[in-house]
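Enquirer: any chance you could fold what I've pasted below:
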Amino acid sequence: MAATAEAVEIARVAVAAAADKLAQDIVVLDVSGQLVITDCFVLASAPNERQVQAIVDGVEEKLREQGVKPTRREGTREGRWVLLDYTDVVVHVQHTEERGFYGLDRLWKDCPAIDFPEARTTPPEESE
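Expert: Model prediction:
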């Protein structure tokens, strides 16, 4: 089973919003073959809590403009790993340390990645 077109479009908007807020290592995984409760995971990371929150705010704003609201939000108080559940798409914005420790990329490595050009970001130190 593959992710629905609607889920892919929600993921695309989330990816573009995260990239706009300088998220790092943005990955979209099609988990529809492994999970019945969601189609895609969007994974993104940031080096500090403030940037994690900025990415989360950006994703929520852009998806709200599309008429999509999260059914659940978790972790916003700590700012180390925020989960935004849009039912068909779950967005994980993690502090770089949490991303390495919990290894969602490794846990879901059997799921196909969905490539979005919007996910390719240049780190700030290389853009100068």
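
Enquirer: find the centremost residue of this protein, please.
Expert: V42 (3.1 Å; C-alpha atoms, centre = their mean).

Enquirer: SS state for that residue?
Expert: When classified by DSSP: H, G, I helix; E, B strand; the rest coil, V42 comes out as strand.

Enquirer: quickly list what it is bridged to.
Expert: For V42, the beta-bridge partners are V28, V91 (DSSP bridges).

Enquirer: that one and C111, how far apart?
Expert: 12 Å (C-beta to C-beta, to the nearest Å). From N, CA and C alone the C-beta is placed, and that goes for glycine too.

Enquirer: please apply the same query to A54.
Expert: 27 Å.

Enquirer: got phi/psi on A113?
Expert: Main-chain dihedrals, A113, degrees, to the nearest 10: phi -90, psi 150.

Enquirer: give me the pLDDT for it.
Expert: We have a pLDDT of 95 for A113.

Enquirer: can you report how many residues lie near it?
Expert: 14 (other C-beta atoms under 10 Å).

Enquirer: what about the helices in this structure?
Expert: 5-20, 49-65, 96-102, 104-107 (DSSP state H).

Enquirer: let me know which of the ones you listed is tucked in deepest.
Expert: helix 5-20 (a mean of 20; mean count of other C-beta atoms under 10 Å).

Enquirer: where does pLDDT dip in the protein?
Expert: 1, 121-128 (pLDDT under 70).

Enquirer: and C40, what does it touch?
Expert: The contact partners of C40, taken as C-beta atoms under 8 Å, 6 or more residues apart in numbering, are 3, 7-8, 10-11, 28-32, 88-90, 114.

Enquirer: then K69?
Expert: By C-beta under 8 Å, 6+ apart, K69 lies in contact with 63, 86.

Enquirer: which phi and psi does it have?
Expert: Main-chain torsions, K69, degrees, to the nearest 10: phi -120, psi 150.

Enquirer: and it, how far is that from R77?
Expert: K69 is 19 Å from R77, by C-beta to C-beta.

Enquirer: equivalent analysis for I26, please.
Expert: 24 Å.

Enquirer: of the two, which one has the most company?
Expert: I26 (21 against 7).
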